[in-house]
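> Here's my sequence, what's the structure:
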Amino acid sequence: WNDVTIVTVSDFARTLTANSGDGSDHAWGGNYPIMGGNVQGGEIYGEYPSDITTSGPYNIGRGRLIPTLSWESILYAVVQEMGVETENELQYCLPNYVTTETHMFTKDEIFLILLRLLRRRVEGRYEDR
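Numbering: from 1, shown residues only. This is a model prediction of the structure:
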């Protein structure tokens with residue numbers, strides 16, 4: 001379990017206002033649960049908009065809200081934890097991360113450092129200093 005990370009990704013969201021058939025339409029945003037033995041759990045990242053009215057800063061009409069974080073924000077930490085480290089590798093895996101203008105979480109913010117060090121020690125990749 002400590003060597004497993006599960007991330008569910010969906011860009012599917014719904015509008016806050018009803019359409020002509022009293023349903024809702026597709027919108028932006030979604031939830032991206034991340035779990036695993038090495039994940040610092042119990043956190044919710046991003047911010048709930050303080051104003052979801054039609055005049056709110058994130059509302060672009062018909063109840064469609066712009067997300068406060070991009071999906072790259074969490075996946076940035078995941079690809080780092082998987083060993084992606086150089087700028088070229090990061091841009092290959094997440095080509096739009098530099099244009100999102102949102103916070104990119106690092107592996108140290110999302111994953112438990114102690115478990116990573118212990119794993120390296122067991123695998124012989126960590127030397128006592």
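> So what does N38 have for phi and psi?
When read as degrees, to the nearest 10, the backbone of N38 gives phi -100, psi 10.
> Just give me the neighbour total for it.
Applying other CB atoms under 10 Å, we find 21 residues neighbouring N38. Every residue, glycine included, has its C-beta placed from N, CA and C.
> I'd say it and I6 touch.
No - with contacts counted by CB atoms under 8 Å, N38 stays clear of I6, the gap being 11.2 Å.
> what ranges of the protein fall below the confidence cut-off?
11, 114-129 (pLDDT under 70).
> Please, where are all the helices along it?
Applying DSSP state H to the chain gives helices spanning 72-81, 87-93, 107-110, 113-122.
> and the second one, what does it pack onto?
Here helix 87-93 is seen to pack against helix 72-81 when contacts are counted using 3 or more CB pairs under 8 Å, 6 or more residues apart in numbering; DSSP states H and E.
> just checking, what packs against the helix it packs on?
strand 6-7, helix 87-93, helix 107-110.
> Could I get the helices of the chain in JSON lines, plus columns for distance to D25?
Shown next, in JSON lines, are those (distance: least, CB to CB, whole Å):
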{"stretch": "helix 72-81", "distance to D25": "25"}
{"stretch": "helix 87-93", "distance to D25": "31"}
{"stretch": "helix 107-110", "distance to D25": "32"}
{"stretch": "helix 113-122", "distance to D25": "42"}
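> Same list (the ones you listed) but as a markdown table, adding distance to W1 and mean neighbour count.
Output for those, formatted as a markdown table (distance: least, CB to CB, whole Å; neighbours: other CB atoms under 10 Å):
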| stretch | distance to W1 | mean neighbour count |
| --- | --- | --- |
| helix 72-81 | 15 | 20 |
| helix 87-93 | 24 | 13 |
| helix 107-110 | 16 | 18 |
| helix 113-122 | 10 | 12 |
